[in-house]
Structures are given as structure tokens and as C-alpha cells.
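1. only geometry, no sequence info:
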């Protein structure tokens, strides 16, 4: 299992729930970088899409064994950077809260609210480390978002431009009251892994953007407020919403 790479990767992709491999990735090699922050969620698969080197890492592990609050976000990002990545496309499986963000929608949010707690949220944790106060007004890098939006248009992939992602602690789903509060706060989407990943990427100086894959309506949202969320429905919706990802990523790299 390789631990280094001679050619830097053009794009790193982090997959969420139901997204444990990157379709279209060819000539795949396996890398297991060692970082000072401990073990990654799993191996990094590096291959080619549209002739460009792309790295893929399953955030929860390829067998979905790592819950959101125990993901080693620092190790994951540091490992991707060590492979030469300067841009990270985060795929996050989420629930929809507001009207335009129903199941099977693919969205590129532009804002974020953090409701998580107790997670290591900075690289400034260790004694003697430089204290960083990074600008986080735009949690998702505007230039990378523009590339994603333009690539979706080129590839003919339906994409909602904008929206606010609310990051909750998990692994349990939210109550109706919690979702109601999040709606009042301005959240359109709810997920469990958006933070501290986005903030850590900023500390590393990485370009970072999110593609939110809407798997279900959040509790109390949508036309059927009493609907019970099943894993089968979630996975089917993720598969449908992410079907255009290979074309979108290919268009990003070709642009």
C-alpha cells in the first residue's frame, strides 16, 4: 500500500453516507498517508478522471464504520493535502428543510451554521502550535463553488445554487423541534459532517466546497410531516441524486 505520490492530485473528493467510492475513477491506486493527527477514516483511493489525478476518501470509512462525531477530520484533510491536493470537494448526504431542497436534490450551499459540540475543531490544539484566526465569512470557497456550478451547467446536471447547511452532532437524527429551530435560523439543509471539516480546510489553506446530496426530508419538513425515514429510501435517494456526479466532476476537471 503506497504512502506517497509523485504527481499531485488535481482534486480531492470526500464521500459521505452512501458514497463510499467515486464512480468513474480509473487506474486506481491505494494510499495510506501517515499524519501526526492519527488514523484516517480509511484508505485514500487515487486514480484518474478526464485524465486528471483525483483522490477519494470515504469520510465514514468504506464500510460506514465511523460515526460523524468520531471522524478524524484533521487526519483526513492533512492526508489529502500531503498527496498534493489544494482543492477539496466534500460530498455530504443531508436532509432537506426548506421547499427547494427535497429528496434527490443536489445542492451547492454557500453558508453554514455549526450546531456540533465536543469535536476537535482546529489544528491549533497542540501546545506550541500557532494560533490561527481564519476568515470564515464564506465557509465554502467562492471560486471553487463557481467551478462546481459552471461544471454542473456544462454537464447538464441539475444543481441548486446556494443554501445554508446546518451541521448537527449526530449520529441520531434531529427532533421536529430542532428542525423547526434550524428553519428559523435560516438553514435549508441538515447534516452531521459539515463541521469541523470546513473550518479545518480553511486553516490548511485548502479550497473547499460542498455538494449536498439530499437523501430525505428532515423531521417535520416536506409535504408528509409524519413520514418515517428508512435506510432503503435514503440510499435510493442518494443514488439518484448522485448519478450525475461523474459527469460533473469530469466537467470540473476539464474546465
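-> Structure's in. What do you need? Please read these numbers as outputs of a predicted model, since none were measured by experiment.
2. can you give me the neighbour number for the nearest residue to residue 170 once chain neighbours are set aside?
-> Nearest residue to residue 170 in three dimensions, chain neighbours excluded: residue 192, at 3.4 Å (C-beta to C-beta, 6 or more residues apart in numbering). For glycine as for every other residue, the C-beta is placed from the backbone atoms N, C-alpha and C. Residues contacting residue 192 under the criterion other C-beta atoms under 10 Å number 27.
3. hang on, isn't residue 192 packed against residue 172?
-> No - Residue 192 lies out of contact with residue 172 (C-beta atoms under 8 Å); the separation is 9.3 Å.
4. what count of nearby residues applies to residue 34?
-> Residue 34 has 13 nearby residues by other C-beta under 10 Å.
5. just the mean pLDDT for the helix or strand harbouring residue 184, thanks.
-> Assigned by DSSP states H and E, residue 184 belongs to helix 176-185. Mean per-residue pLDDT for helix 176-185: 97.
6. mind listing what's buried along that helix?
-> Residues 178-180, 182-183 are the ones in helix 176-185 that count as buried (16 or more other C-beta atoms under 10 Å).
7. which two in these are spaced the farthest apart?
-> 178 and 183 (9.9 Å; C-beta to C-beta).
8. contact partners of the helix holding residue 184?
-> 95, 97-98, 113, 115, 166, 168, 174, 190, 218-221, 225 (C-beta atoms under 8 Å, 6 or more residues apart in numbering).
9. among these, which lie within helices?
-> Members of those lying in helices (criterion: DSSP state H): none.
10. could the residues you listed be laid out in a markdown table, adding distance to residue 64?
-> Supplementary listing: the contacts of helix 176-185 in a markdown table, determined by distance: C-beta to C-beta, whole Å:
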| residue | distance to residue 64 |
| --- | --- |
| 95 | 17 |
| 97 | 24 |
| 98 | 27 |
| 113 | 25 |
| 115 | 22 |
| 166 | 22 |
| 168 | 18 |
| 174 | 20 |
| 190 | 19 |
| 218 | 20 |
| 219 | 21 |
| 220 | 26 |
| 221 | 24 |
| 225 | 28 |
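11. quick one: which two of those are the most distant?
-> Counting by C-beta to C-beta, the most remote pair of the contacts of helix 176-185 is 113 and 225, 22.4 Å apart.
12. the two: who's more crowded?
-> residue 113 (17 against 10).
13. quick one: pLDDT of residue 229?
-> 71.
14. contacting residues around it?
-> 173, 216-217.
15. tell me the spacing between it and residue 156.
-> 30 Å (C-beta to C-beta, to the nearest Å).
16. where exactly do the strands run in the protein?
-> 11-15, 26-31, 44-49, 52-58, 87-96, 106-108, 111-114, 160-161, 164-167, 189-191, 207-217 (DSSP state E).
17. where does this protein dip in pLDDT?
-> Counting by pLDDT under 70, the chain contains low-confidence ranges at 1-6, 225-227.
18. report the central residue of it.
-> residue 90 (2.7 Å; C-alpha atoms, centre = their mean).
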